[in-house]
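In: Quick one, fold the following:
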Amino acid sequence: MHRSLLLFLGLVAAAVSTGSNATAAELQRVIPERFRGEWQDSRHPCGSPINMETRLLLQAGTVSFYESGGPAVAVVTSGTSELALITAVAGEGQTWLDMRRFLLSPDQSTLTDVTYAGSPDQDKPFVRKRCPPQR
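Out: Numbers count the residues shown, from 1 in each chain. Here you go, the predicted model:
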């Protein structure tokens, strides 16, 4: 099993065993409202057919990427700005567990994927902007 996934599962276990605390990690039943919505690469307009592979849709119980998505099986928050998810993802004929960690900006206009920040494959966090609700 991927090491970061094991660490995340440990975080989930700690959140369940320690109970509520303003700064502690908390296990959630669904993705909190403040994180929900459509998010797009900050370099491209929402709804643009260009670069839609950077689109992310967070709903109460599901996560959707460009060609994959699935139910959130573990949702953990820390404070009001940090979200960690384990999702049972299906796409392109395969299924897998995916772990992601996000930071929400204070004004809730950007969501930064910090899952792989600092790793050799990604030298900086990936920022998405919140798209206006579709009508």
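In: Work out the gap between stretch 27-40 and the centre of the chain.
Out: In terms of C-alpha atoms, centre = their mean, to the nearest Å, the centre of stretch 27-40 is set 8 Å apart from its chain centre.
In: which of the residues in that stretch are buried?
Out: For stretch 27-40, a neighbour-count test (16 or more other C-beta atoms under 10 Å) marks 27, 28, 31, 32, 35, 37, 38, 39, 40 as buried. The way it works is simple: take the backbone N, C-alpha and C, and place the C-beta from them, glycine included.
In: Leaving out the residues flanking it, which one is nearest to the last one?
Out: With C-beta to C-beta, 6 or more residues apart in numbering as the measure, residue 46 is the residue that lies nearest to residue 40, at 5.0 Å, once sequence neighbours are left out.
In: Neighbours of residue 118, how many?
Out: 9 (other C-beta atoms under 10 Å).
In: Let me see the contact set for the residue nearest to residue 40.
Out: Contacts for residue 46 (C-beta atoms under 8 Å, 6 or more residues apart in numbering) come out as 38, 40, 129, 131, 132.
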